[in-house]
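Visitor: Pasting the sequence and the predicted model now:
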Amino acid sequence: MNIELVTDAPLKYFVVDDFLSPELAGQMIDEICRLREQLQPGRMRDQRRGQQPRAIEDQTKRNLECFLDAVFAKDRSASVILNNLGQHVFSPKLQQAYRDSGDMLFSYLLVRANFDQTHLAAWGPGHYYRKHVDLPPCFLTANVMLSTEPQKFRGGDFEIFWSQTESTVVPFRPRRMVLFPSAIPHCVTDIEMADDVEFRDWRFTLQYWPHYRA
């Protein structure tokens, strides 16, 4: 695991390469393939003041997705992803990196996070996700990139927007994790992929959102 704390941006964020072992990543992709029928076209979440978020359809997002907590609601232990993802986000090595970051948000993650949600997204030919933010109650987002290796697509990079004119592109890399403040606008660039690429070789991401629940 190669941990980088990026400090030359307006806000700190982590880029962690080899976040998962090749073996565990392969097991997660196996599970994703088994979940193919559970995936639905992506929909945006819209939150109005004082109301619960609701799903809406617009042109911001084109992918397939599901919330794994709902899929495995009866037995979370049946999921390779749910059994392992949180443990990796809170591995001893990463916990020490959060402490050493000198950033209040990552310190808050260690002392206050007591609940989480995990979201799966699959990205095929022509898919994308335009600029958006992740809605509360999440305050940090762990975005874990997965694909077979070597990958069979171009694009699908992760872009963070600091202002109208300044952004940072984090290239897609299998088994890379980006941990960043959820309220920062971000996007997934367009996927270029042949139409006959098998589902197993698509671009996948796991969004892990730590929360605080009183």
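Guide: Cool, got the structure.
Visitor: looking at this, Met28 is in a strand?
Guide: No: counting by DSSP: H, G, I helix; E, B strand; the rest coil, Met28 is located in no strand; its state is helix.
Visitor: Measure how buried it is and give me the count.
Guide: By other Cβ atoms under 10 Å, 22 other residues sit near Met28. C-beta: built from backbone N, CA, C; applies to glycine.
Visitor: Please report the distance of it from Phe19.
Guide: Counting by Cβ to Cβ, to the nearest Å, the separation of Met28 from Phe19 is 11 Å.
Visitor: With Leu39 instead?
Guide: 23 Å.
Visitor: and these two? which has more neighbours close in?
Guide: Phe19 (28 against 17).
Visitor: Run a quick check on that one versus Arg173, I expect a contact.
Guide: No: the pair Phe19 / Arg173 is not scored as a contact, 9.9 Å apart, by Cβ atoms under 8 Å.
Visitor: Arg200 looks like it's in a helix, true?
Guide: Yes: assignment of Arg200 by three-state DSSP places it within a helix.
Visitor: Could you double-check that it lies in contact with Cys33?
Guide: Yes: contact criterion Cβ under 8 Å: Arg200 and Cys33 qualify, at 5.4 Å.
Visitor: Is Tyr208 in a helix, a strand, or coil?
Guide: Three-state assignment for Tyr208 (three-state DSSP): strand.
Visitor: Show me which helix or strand of this protein is least confident by mean pLDDT.
Guide: Ranked by mean pLDDT, DSSP states H and E, the helix or strand of the chain with the weakest confidence is strand 54-56, at a mean of 61.
Visitor: right, and the helix or strand after that strand?
Guide: Beyond strand 54-56 in the direction of the C-terminus, DSSP states H and E gives the next helix or strand as strand 61-62.
Visitor: Sounds good, over and out.
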